[in-house]
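Participant: Show me how the following folds:
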Amino acid sequence: MPVRTLSLAGFRSYERLEIGFDEGPHVIVGRNAAGKTNLLESLVVLSTGRSHRSASDAELVRWGSPFARAAARVEEAGRSEALEVVIQAPGAGPGLHKRIRVNGINRRAAALAPVLRTVLFAPEDMLLVVGAPSLRRNLLDALVTQREVTAAAVISTYARALTQRNSLLRRIRDEAAARDELAFWDDSLCDNGARILEWRRDALDALQAPLAAAHREIAPGEPRLTLAYVSNVEPGPGESHRAALRRRLRETADKEIWNGATLVGPHRDDMAFLSAGRELTLFASRGQQRSAILALKLAELDLLTASDGRPPLLLLDDVFSELDPQRRAHLVRRIGSLPQAIVTTTSAADLDPALVAVSSLWHVEPGKAVPAAAGSSAAARR
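Facilitator: Numbering: from 1, shown residues only. You can find the predicted model right below:
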């Protein structure tokens, strides 16, 4: 559903911001550190309940503000929905530290994605092929949470159980706790970890066809691009993911106590990009890596659209400068086919003139966003 209004208060660099969006592409222009990414981040928070840039909600609160608030109204075919996320500054008072509302009713984070789904393409995504495994895990989990209503809660529960189990492993190593105390956290890790493993594999399977199609369009002369899930928990014949994870925990128990850390599970897994069966990291040029990453983002967009016919909101954070003219042109064509997309850049001159011509233009300065061209149909005020 397209976003019609966005309201921020105490969010990152914005003391207050009220901005209205029409359908179609929007180009947000501003120098580095002006607040462009903060604006896109607020839309990710309204879609997922958390930031893609920080694991700590507290970092979203503007310095000196008692809270950060992001709210949006989304509309489609006469239907209107209101989203709100409020994050309390540490020490600002008693009560909930984060409140999520949909149409004025308190809800869990899982209630946000069915209303507002987003696909984000950011500069750090250019490292997806060769960067740290955590980048690929985070992308995969972001996709899972938009496909599975309960995934966000399960992933959060797994993370808490992992933290507690690691702490217990260190206490056992230091002879401050008994080994049989692991049983409770092993159960939690196996229950939730197995669901994460299943969801990730299902998401990768679903991505294969749209990924191959997008890659053919972007790089028609290159071999077929596929994705592979790389796990240290591989079920044997007839073995469930839960049973496989429990077996691996037993096999690595002594080593885990020695290291004071859980060594197997979805938190240690990865995703590999393969071209004709070979890992891209072994031979791919920067151009081939960018083709693969762009194809992955477009496949993610197509997969989510196919689920119910509603294209997600595409957020492009200063990525055009990383792409050559051919890949830029392809991305521009895809943007033009979407109900709404938001693009940030340090200079409109870096963008395809065809995109600029059909976009609503905005200029961002610290703390505010204003129309950057006469005749823009959108409006904003500080």
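Participant: Quote the end-to-end distance of stretch 243-257.
Facilitator: Start and end residues of stretch 243-257 are separated by 21 Å (C-alpha to C-alpha, to the nearest Å).
Participant: Enumerate the positions of that stretch that are buried.
Facilitator: For stretch 243-257, burial by neighbour count (16 or more other C-beta atoms under 10 Å) applies to Ala244, Leu245, Arg246, Arg247, Arg248, Leu249, Thr252, Ala253, Glu256, Ile257. For every residue, glycine as well, the C-beta is placed using N, CA and C.
Participant: Contacts for that stretch, please.
Facilitator: 169, 172-173, 179, 182, 186, 189-190, 193-194, 197, 232-236, 239, 262-265 (C-beta atoms under 8 Å, 6 or more residues apart in numbering).
Participant: ditto for stretch 136-152
Facilitator: By C-beta under 8 Å, 6+ apart, the list of residues contacting stretch 136-152 reads 47-49, 52, 108-110, 113-114, 117, 120, 125, 128, 155, 195-196, 199-200, 203-204, 206-207, 266-267, 269-271, 296, 300, 303-304, 307, 312.
Participant: Leu207 - nearest residue in space that isn't next to it in sequence?
Facilitator: Closest residue to Leu207 in three dimensions, ignoring its sequence neighbours and counting by C-beta to C-beta, 6 or more residues apart in numbering: Ala299, at 5.3 Å.
Participant: Number of residues surrounding the one you found?
Facilitator: Look at Ala299: counted by other C-beta atoms under 10 Å, it has 24 neighbours.
Participant: mind listing what Val332 touches?
Facilitator: Contacts of Val332 (C-beta under 8 Å, 6+ apart): Asp352, Ala354, Leu355.
Participant: ok, back up a step: the contacts of stretch 136-152, buried ones only, as a PyMOL selection?
Facilitator: Command for PyMOL that selects the buried part of these, burial taken from 16+ other C-beta under 10 Å:
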select buried, resi 47+48+49+52+109+110+113+117+120+125+128+155+195+196+199+200+203+204+206+207+266+267+269+270+271+296+300+303+304+312
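Participant: Which of the contacts of stretch 136-152 fall in helices?
Facilitator: Among those, DSSP state H puts 47-48, 155, 195-196, 199-200, 203-204, 206-207, 296, 300, 303-304, 307 in helices.
Participant: Those: which two are farthest apart?
Facilitator: Arg195 and Leu296 (23.3 Å; C-beta to C-beta).
Participant: picking up where we left off before, nearest to Leu39 among the buried residues of stretch 243-257?
Facilitator: Of all the buried residues of stretch 243-257, Leu39 sits closest to Leu245, with 39.9 Å by C-beta to C-beta.
Participant: What strand or helix carries that closest one?
Facilitator: helix 241-251 (DSSP states H and E).
Participant: how about the residue of the chain positioned farthest from its centre, secondary structure?
Facilitator: Ranked by distance from the centre of the chain (C-alpha atoms, centre = their mean), the top residue is Glu175, with 40.2 Å. Of the three states, Glu175 takes coil under DSSP: H, G, I helix; E, B strand; the rest coil.
Participant: dump the residue contacts of Arg53.
Facilitator: Residues near Arg53 by C-beta under 8 Å, 6+ apart: Thr37, Glu41.
Participant: that older thread, show the subsequent helix or strand relative to the helix holding Leu245.
Facilitator: Next along from helix 241-251, by DSSP H and E: helix 253-259.
Participant: center of this structure - which residue?
Facilitator: Ala142 (4.4 Å).
Participant: quick one: that one is in a strand?
Facilitator: No. In this structure, Ala142 is helix, not part of a strand, as judged by three-state DSSP.
Participant: Need the pLDDT of it.
Facilitator: At Ala142, the pLDDT value in this model is 92.
Participant: what's the distance between it and Ala203?
Facilitator: 10 Å (C-beta to C-beta, to the nearest Å).
Participant: if we can go back for a sec, where is pLDDT lowest across the ones in helices among the contacts of stretch 136-152?
Facilitator: Minimum pLDDT across the ones in helices among the contacts of stretch 136-152 is recorded for Ser307, with 88.
Participant: Once you drop chain neighbours, what's closest to that one?
Facilitator: Arg147 (6.9 Å).
Participant: now the one you found: how far from Asp269?
Facilitator: For Arg147, the distance to Asp269 - C-beta to C-beta - is 18 Å.
Participant: Over to Gln146?
Facilitator: Relative to Asp269, Gln146 is positioned 19 Å away (C-beta to C-beta).
Participant: Equivalent analysis for Ala176, please.
Facilitator: 30 Å.
Participant: Also Glu148?
Facilitator: Between Glu148 and Asp269 the distance is 17 Å, computed by C-beta to C-beta.
Participant: Likewise for Arg195?
Facilitator: 14 Å.
Participant: What ranges does the stretch 201-350 of the chain have for its strands?
Facilitator: For the stretch 201-350 of the chain, the strands defined by DSSP state E, counting those that start in this stretch cover 225-230, 270-275, 278-279, 313-317, 340-345.
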